[in-house]
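Trainee: pasting the structure only:
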């Protein structure tokens, strides 16, 4: 058995319709807060066991999806949603709650309703006096930047049990390292680990204030299942699919899709991230409309997508997946059409570059390049982009 964003702007754009089966039409402050309050479950006066969902890293992405889940169970007597927030975001939310403006409907989690915690240890302690602590948290949803991946096992350890399911919404090819880190974290156990790919433009305008302005779909696949017959790559059983579908089915504002091949889903997402995040940074930080509107940059984006698709399919073949799981060639054109309609979008790495914040270089770019090299797939355009991005990273010390 496996022993198992926050950022001001968090983007994970994934084109609806690239693969046939996917087609669809921070940590503490010393202030009086709910992390010092005694947690009282909404179901404390009933005989029904309280279902608990922890949102770890409730920034722009985590606050949106966690907030939508909270909204769907708000009137429930048996489900609590607890939020782990960072720094000034946490301090503000304790006093003012979380405000989300959204193309799919605004909502507010008031300070009286918000179960906010500055550490996951405090979050875990808040439910220790409940009658049934056999698996205090049913779900732990992590929404951090991939540059914080190595912090995930220690963060979630206080919240997990052999019955806990973990969903990590994050950019890049993270699953190999994540599952290994979780294996090495002594005492960390869970039922299953899922990888989430968010099709969303969600910005943190200020502490506690989130704006959701575009898309919003969430695609999820299984990285590891304790119930699978073997420890194979991305193996899962029907109960794993049912559990995640049951979690998001009531969350009507969020279009949800289960991806039965997480590796394919990650590479599919890379078909947008690698060219458009990559070219944006390599050009010093430009918006997507300038990329698709310039003939040379548009051609470069196509080249990077071609290299990404070739690497993806070689990787899928190496892992023994059938050809019907491969990324189709028309992925590139659909991705470009989607970006044509996006407007002057600012990719996440561009915003990190401009703000002089750590960029997601390793898992968003370097891991893909390294995999292509190991597979013997020539990717000269991607290699050049990654070299330029790494140069910016070194120059500005964006680690």
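Mentor: Thanks, I have the structure now. Here the structure is a predicted model, which means the values were calculated and not measured. Numbers count the residues shown, from 1 in each chain.
Trainee: Residue 157 touches residue 185, doesn't it?
Mentor: Yes. Contact criterion Cβ atoms under 8 Å: residue 157 and residue 185 qualify, at 5.9 Å. No exception for glycine: its C-beta is placed from N, CA and C like everyone else's.
Trainee: Between those two, which has more neighbouring residues?
Mentor: Taking neighbours as other Cβ atoms under 10 Å, residue 157 and residue 185 compare with residue 157 leading, 20 against 17.
Trainee: any idea how far that one is from residue 141?
Mentor: Distance of residue 157 to residue 141, computed by Cβ to Cβ, to the nearest Å: 15 Å.
Trainee: what does residue 167 give?
Mentor: Relative to residue 141, and taking Cβ to Cβ, residue 167 is found at 5 Å.
Trainee: Quick check: neighbours shared by these two?
Mentor: residue 196 (Cβ atoms under 8 Å, 6 or more residues apart in numbering).
Trainee: chain center to stretch 66-73, what's the gap?
Mentor: 17 Å (Cα atoms, centre = their mean, to the nearest Å).
Trainee: How about stretch 321-340?
Mentor: Worked out by Cα atoms, centre = their mean, stretch 321-340 lies 21 Å from the chain centre.
Trainee: Would you indicate which residues of that stretch are buried?
Mentor: 321, 325, 326, 327, 331, 332, 334, 335, 336, 338, 339 (16 or more other Cβ atoms under 10 Å).
Trainee: same check, this time on stretch 116-127
Mentor: For stretch 116-127, by 16+ other Cβ under 10 Å, it's 116, 117, 118, 120, 122, 123, 124, 126, 127.
Trainee: Of those residues, which belong to helices?
Mentor: If you go by DSSP state H, these have 120, 122, 123, 124 in helices.
Trainee: what residues are up against the first one?
Mentor: Applying Cβ under 8 Å, 6+ apart to residue 120 gives the contacts 54, 56, 84, 155, 156, 157, 158, 159.
Trainee: So what's the residue count around the fourth one?
Mentor: One way to gauge burial is a neighbour count; for residue 155, by other Cβ under 10 Å, it gives 20.
Trainee: likewise the third one?
Mentor: When neighbours are counted by other Cβ under 10 Å, residue 84 registers 31.
Trainee: By mean pLDDT, which helix or strand of this structure comes out lowest?
Mentor: Here the helix or strand of the chain ranked lowest by mean pLDDT, DSSP states H and E is strand 9-12, holding a mean of 40.
Trainee: Give me the next element, helix or strand, following that strand.
Mentor: If you walk from strand 9-12 toward the C-terminus, the next helix or strand you reach (DSSP states H and E) is strand 51-56.
Trainee: What helices and strands are in contact with that following strand?
Mentor: helix 60-73, strand 79-84, helix 120-125, strand 139-142, helix 152-156 (3 or more Cβ pairs under 8 Å, 6 or more residues apart in numbering; DSSP states H and E).
Trainee: circling back to that earlier point, need the ones in helices among the buried residues of stretch 116-127 in a markdown table (columns: pLDDT).
Mentor: Output for these, formatted as a markdown table (pLDDT from 0 to 100):
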| residue | pLDDT |
| --- | --- |
| 120 | 97 |
| 122 | 95 |
| 123 | 96 |
| 124 | 94 |
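Trainee: Export those as a markdown table, with columns for distance to residue 171.
Mentor: Output for those, formatted as a markdown table (distance: Cβ to Cβ, whole Å):
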| residue | distance to residue 171 |
| --- | --- |
| 120 | 22 |
| 122 | 28 |
| 123 | 24 |
| 124 | 27 |
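Trainee: What is the nearest of those residues to residue 72?
Mentor: Nearest to residue 72, judged by Cβ to Cβ, of these is residue 123 at 20.4 Å.
Trainee: what's the nearest residue to the closest one if we skip its chain neighbours?
Mentor: Excluding its sequence neighbours, the residue lying closest to residue 123 (Cβ to Cβ, 6 or more residues apart in numbering) is residue 117, at 4.1 Å.
Trainee: For that neighbour, give the beta-bridge partners.
Mentor: residue 84 (DSSP bridges).
Trainee: how close does it get to residue 64?
Mentor: Distance, residue 117 to residue 64, using Cβ to Cβ: 18 Å.
Trainee: Which residue ranges of the stretch 201-350 of the chain form strands?
Mentor: Using DSSP state E, counting those that start in this stretch, the strands assigned to the stretch 201-350 of the chain run over residues 209-225, 256-258.
Trainee: I'd assumed residue 81 was in contact with the residue nearest to residue 123.
Mentor: No. Applying Cβ under 8 Å, one finds residue 117 not in contact with residue 81, separated by 11.7 Å.
Trainee: gap between residue 247 and residue 72?
Mentor: Here residue 247 is placed at a distance of 9 Å from residue 72 (Cβ to Cβ).
Trainee: what bits of the chain have low per-residue confidence?
Mentor: Residues of the chain meeting the criterion pLDDT under 70: 1-48, 129-135, 230-232.
Trainee: Where do the domain boundaries of it fall?
Mentor: 9-260, 264-396 (automatic domain parsing).
Trainee: longest helix anywhere in the chain?
Mentor: Longest helix in the chain by number of residues (criterion: DSSP H): helix 295-318.
Trainee: Which residues does that helix contact?
Mentor: Contact partners of helix 295-318, identified using Cβ under 8 Å, 6+ apart, comprise 261, 263-264, 267-268, 270-271, 274-276, 278-279, 283, 290-292, 325-327, 329, 331-332, 335-336, 339, 368, 371-372, 375-382, 385.
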